[in-house]
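Q: What shape does this take:
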Amino acid sequence: MKFYNRKNELKALNQWWKEDNSHLIVVYGKRRVGKTALCLEFAKDKSHFYYLCERIDPKLQLKKISREIALFFKDDFISSVGFDDWEQLFQYIASKKKKFVFIIDEFPYLAESEPGISSIFQKGWDLYLSKSPVFLILNGSSIGMMEKYVLDYKAPLYGRRTGQIFVEPFKYHDFNEMFPDLSFEKKLLIYSMVGGTITYIKPFISCKNIWDIVEEKILTKESFLYEEIEFLLREELREPRNYFSILQSMSLGKRKLSEIINDTGMDKSSISSYISILSNLHIVKKEIPITEKIPEKSKKGLYSISDNYFNFWFKYLFRNKSLLESGKVKVVLELIKASIHELLSKNYELVAREIIDLNFAKDYQVTGMWRDKEKEIDLVALENTKKNILLGEVKWSNKQVGTNIYLDLIEKSKHVDWFNKSRTEKYILFSKSGFTIDMISLSEKEKVILVEKDDFLN
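A: Next comes the predicted model:
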C-alpha cells in the first residue's frame, strides 16, 4: 500500500540519523495507526534490522532474534549457537561498530513475556549500544505499557531515549492525498466513520460505493473491523465492562460529567478514574472553553470520544449488537444513514479547526470552542500577545448561511470574557452549502471570512 504523509515524523527521524552518535528512539501510538509503516519507510534506504516481538517463551524469543541477527550479519557461527542472553546479543551488535537501524517492534510483548527486560535493555544500552553507532527504535502499540516500561520516570529506560515520536491518527486534510477524486462530503463521511487510523481507512481507498464498504467491512460480523474496538479495549484494560458503558454514553451525546453519571449509574469517583485512564490512552478527551483562566479547575468541561471509529463503533455497532448478530445488517445500515448527519456536523467543526491551524497559525496560537451556560460558539482562536480573537460558526446544513447566523455570532461574542476592551475581533463562517447573496455582500463590507466546505485545504 502507498505510504502517506508523515513528513514531520520522517524529517525528525532523518535528522537524528544524520548525527554521528547512537540513538534510542521511542515510537508509540494506538494500534493500526501506522507506526511500523513509518519505521520501515524511514529505514527502507538504510541498512536496517527489523524484529517483531511475540508473546512467546523468553528463551524462544531470544533464539528467534539470535537467528535473525545472525542472518543480518551473515554469521553462520552465531546462527548455529545463538546467544545465551540479551547482554551477549547487545555486546555482539556493539562489537560490529556498524551503523544501522535496529527496530524492535511491539516491545510491550517482549516486556510482558520476560519480566525485567527493561532493566536488561537499560544495561545493554549503558554498557554497549550507547557506545556504538546503532540507531535503536523501540516501537509499541500499548500506550500504557510503553509508558510503564520505557517513558515513565520510574522505568529503567527513563532518561536513555534520545527522541520520541507519538504517532497520531491522520487528520482530515490528509484525506486530500488519499482520496484526491472524492467530493468534500464523501471524504468527511469516511473521516467521520473511521477517523484517521490508516488500517481502518484502507478498505475505502479506491472504493466505488462507501456504503457497500460499511456493510461488508464493518457491519458484517465476520469482518475485521466488527470486533476491532472490543479487542483493543480488552488488550488495554483488565475490566472493560464499565469502560464500555462510559464510552457508549459519550457516543450518544452525553458530554457533561453529570450526564454520564446519570446515564451509567456509576458514582463520580469511579467515573472520574475510568475517564482518566481512557484519556491517558488517547480514547477520550476533555474540552475546556478556550478562554478559561484556570482550565484545570473549570467546571465547564465537556467529554467526548476522541477517536472517530471508537465513537462510530459504540454509537452503532455496540448498541445494535443483537441486530447485527442476527444478520440484520441492512437494518443497522439504514439506522446509520438516517442519523449520520450528527457525526458529519460534529466533524465539520474539527475540519474548521484544522483550517484555522493550517492557514492562520501566524495570527492565532490556540484554537478551541467557547461555552457559557446556554450559549456556545463553535470555534474560537486566540493570540494572546496581540490580543487577537477569531470567532466562528460552523454550519452543516443544506441551506445557505445567511446574515442571521453572523449577527447572532456577534451577539454571542459580547459574552466572551477575554480582554474585553482591548482585543481585536475577527469573524469567520463555515458552510457546507455556501452563503446567501446578502451574507456575501455583508462579508465584503465587514471583512468576514467565508469558507465553503473545505476550500482552504484544496
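Q: For the rest of this, base every contact and every neighbour count on C-alpha atoms.
A: Noted.
Q: So which residues of the stretch 351-458 of the chain form strands?
A: Here the stretch 351-458 of the chain has its strands, by DSSP state E, counting those that start in this stretch, at 366-372, 375-383, 388-395, 424-431, 449-452.
Q: should've said the chain
A: 23-28, 48-52, 101-105, 135-140, 163-166, 284-287, 302-305, 366-372, 375-383, 388-395, 424-431, 449-452 (DSSP state E).
Q: Number of residues surrounding the closest residue to residue 317 other than its chain neighbours?
A: Nearest residue to residue 317, sequence neighbours excluded (CA to CA, 6 or more residues apart in numbering): residue 219, at 7.2 Å. Residue 219: 26 surrounding residues under other CA atoms under 10 Å.
Q: Next up, the contacts around the nearest residue to residue 210 once chain neighbours are set aside.
A: Counting by CA to CA, 6+ apart, residue 204 is the residue found nearest to residue 210 once chain neighbours are left out, at 6.7 Å. Contact partners of residue 204, counting by CA atoms under 8 Å, 6 or more residues apart in numbering, are 190, 210, 213.
Q: Out of the strands of the stretch 351-458 of the chain, which is closest to residue 322?
A: Checking these against residue 322 by CA to CA gives strand 388-395 as the closest, at 34.7 Å.
Q: which strands and helices sit next to the closest one?
A: helix 329-359, strand 375-383, helix 403-413, strand 424-431 (3 or more CA pairs under 8 Å, 6 or more residues apart in numbering; DSSP states H and E).
Q: Turn the ones you listed into JSON lines, including distance to residue 16, mean neighbour count and mean pLDDT.
A: As requested, the helices and strands packed on strand 388-395 are exported to JSON lines (distance: least, CA to CA, whole Å; neighbours: other CA atoms under 10 Å; pLDDT from 0 to 100):
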{"stretch": "helix 329-359", "distance to residue 16": "26", "mean neighbour count": "17", "mean pLDDT": "96"}
{"stretch": "strand 375-383", "distance to residue 16": "32", "mean neighbour count": "20", "mean pLDDT": "96"}
{"stretch": "helix 403-413", "distance to residue 16": "46", "mean neighbour count": "15", "mean pLDDT": "97"}
{"stretch": "strand 424-431", "distance to residue 16": "40", "mean neighbour count": "20", "mean pLDDT": "97"}
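Q: For residue 59, see how far away the most far-flung residue of the chain relative to its centre is.
A: No residue in the chain sits farther from the centre than residue 77, which is 44.5 Å out by CA atoms, centre = their mean. Look at residue 77 and residue 59: by CA to CA, to the nearest Å, they are 19 Å apart.
Q: Turn the strands of the stretch 351-458 of the chain into CSV, columns for distance to residue 318.
A: Putting the strands of the stretch 351-458 of the chain into CSV (distance: least, CA to CA, whole Å) gives the following:
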stretch, distance to residue 318
strand 366-372, 29
strand 375-383, 29
strand 388-395, 29
strand 424-431, 32
strand 449-452, 35
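Q: just so I know, which of the ones you listed lies nearest residue 345?
A: So among those, strand 388-395 is nearest, using CA to CA, at 7.3 Å.
Q: Quickly run through the sheet partners of the closest one, with directions.
A: strand 375-383 (antiparallel), strand 424-431 (parallel) (DSSP bridges).
Q: Among the contacts of residue 204, name the buried ones.
A: Among these, those classed as buried by neighbour count (16 or more other CA atoms under 10 Å) are 190, 210.
Q: Excluding residues flanking it in the chain, which one is nearest residue 291?
A: residue 418 (6.4 Å).
Q: how about the nearest residue to residue 132 once chain neighbours are set aside, what does it touch?
A: In this structure, residue 132 finds its nearest non-sequential neighbour in residue 94, 5.3 Å apart by CA to CA, 6+ apart. Residue 94 sits next to 128-129, 131-134 when contact means CA under 8 Å, 6+ apart.
Q: can you pull the contacts of the residue farthest from the centre of the chain?
A: Residue 77 touches residue 70, counting by CA under 8 Å, 6+ apart.
Q: Just the closest of the contacts of residue 204 to residue 315, please.
A: Nearest to residue 315 among the contacts of residue 204, with distances taken as CA to CA, is residue 190, at 15.5 Å.
Q: distance of that closest one from residue 176?
A: Applying CA to CA to residue 190 and residue 176 gives a distance of 12 Å.
Q: got it, and residue 194?
A: 16 Å.
Q: circling back to that earlier point, could you tell me which of the contacts of residue 94 count as buried?
A: 128-129, 132-134.
Q: Same list (those residues) but as JSON lines, adding distance to residue 236.
A: Converted to JSON lines, these look like this (distance: CA to CA, whole Å):
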{"residue": "128", "distance to residue 236": "33"}
{"residue": "129", "distance to residue 236": "31"}
{"residue": "132", "distance to residue 236": "35"}
{"residue": "133", "distance to residue 236": "35"}
{"residue": "134", "distance to residue 236": "31"}
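Q: Let me know the closest of those residues to residue 70.
A: For the buried ones among the contacts of residue 94, the nearest to residue 70 is residue 134 (16.2 Å; CA to CA).
Q: Wait, that closest one touches residue 100, no?
A: Yes. Under the criterion of CA atoms under 8 Å, residue 134 makes contact with residue 100 at 5.5 Å.
Q: Could you give the number of residues near residue 436?
A: With other CA under 10 Å as criterion, residue 436 counts 14.
Q: Backbone dihedrals for it, please?
A: In terms of degrees, to the nearest 10, the main-chain angles of residue 436 are phi -70, psi 160.
Q: wait, what's in contact with it?
A: 400-403.
Q: Considering those, which possesses the most neighbours?
A: residue 401 (27 neighbours).
Q: May I have the residues that are in contact with that residue?
A: 395, 431, 433-436, 439.
Q: hey, what's it bridged with?
A: Under the criterion used (DSSP bridges), residue 401 bridges to residue 435.
Q: any idea how far it lies from residue 393?
A: 10 Å.
Q: do residue 426 as well
A: On the measure of CA to CA, residue 426 and residue 393 end up 12 Å apart.
Q: now do residue 279
A: Applying CA to CA to residue 279 and residue 393 gives a distance of 27 Å.
Q: Which one's more surrounded, those two?
A: With neighbours defined as other CA under 10 Å, residue 279 and residue 393 compare such that residue 393 has more, 22 against 17.
Q: ok, and what's touching the lowest-mean-pLDDT helix or strand in the chain?
A: Counting by mean pLDDT, DSSP states H and E, the weakest-scoring helix or strand in the chain turns out to be helix 143-146, with a mean of 83. Helix 143-146 has contacts (CA under 8 Å, 6+ apart) with 28-30, 107-108, 140, 236, 280-281.
Q: One more pass at 6 Å, please.
A: Outside helix 143-146, the residues that touch it by CA atoms under 6 Å, 6 or more residues apart in numbering are residue 108.
Q: Thanks again, I'm all set now.
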